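Engineer: mind looking at a prediction? Sequence and model below.
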Amino acid sequence: EPTKQMLDYIWGTQVLLPADCRGLVKLIFTQHQQLFSTSHQPATARSLGLDVAAASTITLMTTHPEKVPTGIKGPLIIDGLPMGALLLGRSSATMMGLFVLSGVIDADYTGEICVIVHTLFPHMQIEKGQRIAQLIPLEQLAKTVPPCQAQSRGEHGFGSTGGLTLLTMNLNEQPKCTVIYDYWGERQSLEGLLDTGTDSS
């Protein structure tokens, strides 16, 4: 059907409208190819990044980080090769008070690409289709380095290849002080920590 429409346009008298072009793109290109043929194109001929937009309307109710879906699935395919990418914010979004936490999209990641954002001004609404981040395609330069795990990342993201490493300290061994205070004839006592010891190595 796409070929028939194109031939009708070339050798016929039918007019190919913009809506027809968009339909042809959806029929001809795969989902990954559409990433670079529709709305995720570089802004200019020398732009390094591909703009990424929110797939749905989201309201940030707190200052905590939140995931914003983009509707884009990895990997990024450029010239027929899977590429990794850096996920960075856009200056225009930052000026609006929307901060993007940068991330790395691996070349073997096949899940949906999400953008981690936060704001210092809660109740901020991100509209569907609003461009909030950009992908900077990167070639994998460590191909010759043996990986820690044999399997590919697949659809697993956000630290799925390892758990968190946290420093823990026994605060019971740190110096404490008991504080007694009177308030309207009622006496209360609290035990406070004088030194956490976190400044010692």
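Structural biologist: Thanks, I have it.
Engineer: may I have the beta-bridge partners of the one residue sitting closest to the centre of the chain?
Structural biologist: Nearest to the geometric centre of the chain sits Val115, at 2.4 Å (CA atoms, centre = their mean). Beta-bridge pairing for Val115 (DSSP bridges): Val68.
Engineer: who touches it in this structure?
Structural biologist: For Val115, the contact set (CB atoms under 8 Å, 6 or more residues apart in numbering) comprises 52, 54, 67-68, 70, 87, 100, 132-133. (C-beta placed from N, C-alpha, C; glycine too.)
Engineer: tell me which helix or strand of this structure sits lowest on mean pLDDT?
Structural biologist: Least confident helix or strand, the chain: helix 31-37 with a mean of 42, by mean pLDDT, DSSP states H and E.
Engineer: I'd like the next helix or strand past that helix.
Structural biologist: Using DSSP states H and E, the next helix or strand after helix 31-37 towards the C-terminus is strand 50-53.
Engineer: partner strands of that following strand, with direction?
Structural biologist: Strand pairing for strand 50-53, determined by DSSP bridges: strand 131-138 (antiparallel).
Engineer: now the helices: where do they sit in the protein?
Structural biologist: Along the chain, counting by DSSP state H, helices occupy 2-11, 18-28, 31-37, 91-95.
Engineer: between those helices, which gets the lowest average pLDDT?
Structural biologist: Set side by side, the helices of the chain differ in mean pLDDT, and helix 31-37 is lowest with a mean of 42.
Engineer: now do the same contact list for Gly185.
Structural biologist: With CB under 8 Å, 6+ apart, Gly185 has no contacts at all.
Engineer: make 34 the first number, not 1, from now on.
Structural biologist: Okay, residue one is now 34; in that scheme the one you just asked about reads as Gly218.
Engineer: next, give phi and psi for it.
Structural biologist: Gly218 adopts backbone torsions of phi 80, psi 0, taken as degrees, to the nearest 10.
Engineer: would you mind measuring from it to Val212?
Structural biologist: For Gly218, the distance to Val212 equals 18 Å [CB to CB, to the nearest Å].
Engineer: can you check Pro102 too?
Structural biologist: 49 Å.
Engineer: now swap in Asp139 and tell me
Structural biologist: 51 Å.
Engineer: which of these two has more residues huddled nearby?
Structural biologist: Asp139 (19 against 10; other CB atoms under 10 Å).
Engineer: quick check: that one touching Arg186?
Structural biologist: Yes. Using CB atoms under 8 Å, Asp139 makes contact with Arg186 at a distance of 5.2 Å.
Engineer: kindly state the domain boundaries assigned to the chain.
Structural biologist: 34-71, 72-191 (automatic domain parsing).
Engineer: ok now do His214, which residues does it touch?
Structural biologist: In this structure residue 214 is Tyr, not His. 220-223.
Engineer: output these in JSON lines; the columns should cover neighbour count and pLDDT.
Structural biologist: Output for those, formatted as JSON lines (neighbours: other CB atoms under 10 Å; pLDDT from 0 to 100):
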{"residue": "Arg220", "neighbour count": "8", "pLDDT": "88"}
{"residue": "Gln221", "neighbour count": "9", "pLDDT": "86"}
{"residue": "Ser222", "neighbour count": "8", "pLDDT": "87"}
{"residue": "Leu223", "neighbour count": "9", "pLDDT": "84"}
